[in-house]
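In: Here you go, sequence then predicted model.
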Amino acid sequence: MTALGYIAAILIGISLGLIGGGGSILTIPVLVYLFGVQPLLATGYSLFIVGSTSLVGAVKNYRKGNVNIKTALTFSIVSTITVLVTRKFLLHIIPDNLFTIMGYAITKSLMTMLLFAVVMMIAAVKMIVGTQPKDCPECAEKFQPGKIIYSGLGIGLLTGLLGAGGGFLIIPALIFLFHLSVKQAIGTSLLIIAINNLLGFTGDIFHTTINWGLLLSVTALAVAGIFIGSKLGEKIHGEKLKKGFGWFVLIMGIYIIIKEIAGL
């Protein structure tokens, strides 16, 4: 299973390089199911792996002109503060055992994975059936505090609770709310993910025992994968990327729900 996990680590990078998201969608199941990491610890590991890999991808996209710095920074301010507050305070006051239904104990770990899957599926449907608006470069240059606050708060909360970089939510937000093209949304998403995740991970360093050997080896393979994904992404039309990403997220969400319920 460990060997399969390292192969999957390369796929994490390919996903981020190709579609600007999906890294956490792969990372958390890989850490939990293939490396045997506890779900809540996996959320912290995911922040580092996806954040580091996304940073490399963001630099590559910036050099190609596919990163909207203004949108990324303003969006990140709200979402990063929310991530830090969530990881520092909210995550640790949620009890491990939440409640019992028909004799089955519903734990924090189980709810983490199920919530993750439900959010994935909602975002996936939006990507598959949603009509992409026309590119509007001037729209992205406007300061839109309302959109920045509510989208940043929502994505920051989910990133903090689930260890998910939020690419599967950030990309639809950048496309449908801020009217970026798919390719620019991918590059901008990578920068936002990198900022959110790496700063969010700092909140875990002082109260979590970290297996740095596993963490750095998976990260190195994911970074290698992002170069492969970036090359593939240059040859695929943006609309196909959007719908393909949606189907990928939907399938993963269904799989996680089936896997977790079967484990009861």
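Out: Happy to help now that I have it. Residues are numbered from 1 along each chain as shown.
In: and residue 49, what pLDDT?
Out: On pLDDT, residue 49 comes in at 91.
In: Now it. Nearest residue, chain neighbours left out?
Out: Spatial nearest neighbour of residue 49, chain neighbours left out: residue 219 (4.9 Å); criterion: Cβ to Cβ, 6 or more residues apart in numbering. For glycine as for every other residue, the C-beta is placed from the backbone atoms N, C-alpha and C.
In: thought the one you found was touching residue 48?
Out: Yes: contact criterion Cβ atoms under 8 Å: residue 219 and residue 48 qualify, at 6.7 Å.
In: For the residue nearest to residue 49, grab the count of nearby residues.
Out: When neighbours are counted by other Cβ atoms under 10 Å, residue 219 registers 23.
In: Going forward, the N-terminal residue is numbered 683.
Out: Taking 683 as the first residue, the last one we looked at is residue 901.
In: Do me a favour and get the backbone dihedrals for it.
Out: As for residue 901, its main-chain torsions (degrees, to the nearest 10) stand at phi -60, psi -40.
In: Could I get the full set of helices for the stretch 733-882 of the chain?
Out: Using DSSP state H, counting those that start in this stretch, the helices of the stretch 733-882 of the chain run over 751-767, 773-775, 790-811, 819-823, 827-844, 849-858, 864-887.
In: Can I get those helices in TSV including mean neighbour count?
Out: Below are those laid out as TSV (neighbours: other Cβ atoms under 10 Å):
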stretch	mean neighbour count
helix 751-767	20
helix 773-775	12
helix 790-811	19
helix 819-823	13
helix 827-844	20
helix 849-858	26
helix 864-887	25
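In: Pipe those into JSON lines and attach mean pLDDT and distance to residue 912 per row.
Out: Converted to JSON lines, the helices of the stretch 733-882 of the chain look like this (pLDDT from 0 to 100; distance: least, Cβ to Cβ, whole Å):
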{"stretch": "helix 751-767", "mean pLDDT": "85", "distance to residue 912": "18"}
{"stretch": "helix 773-775", "mean pLDDT": "75", "distance to residue 912": "33"}
{"stretch": "helix 790-811", "mean pLDDT": "79", "distance to residue 912": "20"}
{"stretch": "helix 819-823", "mean pLDDT": "56", "distance to residue 912": "22"}
{"stretch": "helix 827-844", "mean pLDDT": "79", "distance to residue 912": "23"}
{"stretch": "helix 849-858", "mean pLDDT": "77", "distance to residue 912": "14"}
{"stretch": "helix 864-887", "mean pLDDT": "83", "distance to residue 912": "9"}
